[in-house]
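Asks: attaching a predicted model along with its sequence, questions to come.
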Amino acid sequence: MKEIKTEITINASKEKIWAVLSNIDNYGDWNDIITNVKSSLQVDRGFRFKIKVFGLTVPMVAKVHRADENRYLGWGNDYQSWIKVILAAHHYFEIIEISDSQCKFVHGEQFYGVVPFALWPTIRMMGKSYDTFNENLKLTVEK
């Protein structure tokens, strides 16, 4: 497994962060990294979205793996599929409460299969876009 993991401190309650993070239909209002999302956050439900990678907007399909209110949101491709041997990923957001008005926000992605190992130097550079997403979330939530 390979992993991109970023963190930022956000001066807001976990509820306020979750309210913005879980309203994924409105992601395009405050960030340009993950956009055009349509989902109800139901576990095991598939959805489509667009992600900006290296200046290109790429359409993606994923399935919600976990949605724990005020704590964790994760999605990725279907782990039951044979394709996971070639490429699989789990994208996640974790909210860790520091105090009633401050949280650590962890944003990352775990990559599995042959492709991530072969292309890791390029994939690892995507961490900058994760940092940008985090900064945009922080600015939005702290308004």
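Replies: Happy to help now that I have it. These numbers were taken from a predicted model, which means no experiment stands behind them.
Asks: quick check: buried residues in the longest helix along the chain?
Replies: Assignment by DSSP state H gives helix 127-141 as the longest helix of the chain. Neighbour-count burial for helix 127-141 flags Gly127, Ser129, Tyr130, Phe133, Asn134, Asn136, Leu137, Lys138, Thr140, Val141 (criterion: 16 or more other CB atoms under 10 Å). The C-beta positions use only the backbone N, C-alpha and C, and glycine is treated the same way.
Asks: residue boundaries of the strands in this structure?
Replies: Counting by DSSP state E, the chain has strands at residues 2-10, 34-38, 46-53, 56-68, 72-76, 88-99, 102-112.
Asks: same list, those strands, but as TSV with distance to Trp120, mean pLDDT and mean neighbour count please.
Replies: Formatted as TSV, these follow (distance: least, CB to CB, whole Å; pLDDT from 0 to 100; neighbours: other CB atoms under 10 Å):
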stretch	distance to Trp120	mean pLDDT	mean neighbour count
strand 2-10	6	97	16
strand 34-38	22	88	15
strand 46-53	15	89	16
strand 56-68	18	92	14
strand 72-76	17	95	21
strand 88-99	13	96	17
strand 102-112	8	96	19
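Asks: just the residues contacting stretch 115-125, thanks.
Replies: Lys2, Ile4, Phe54, Ile86, Leu87, Ala89, Phe111 (CB atoms under 8 Å, 6 or more residues apart in numbering).
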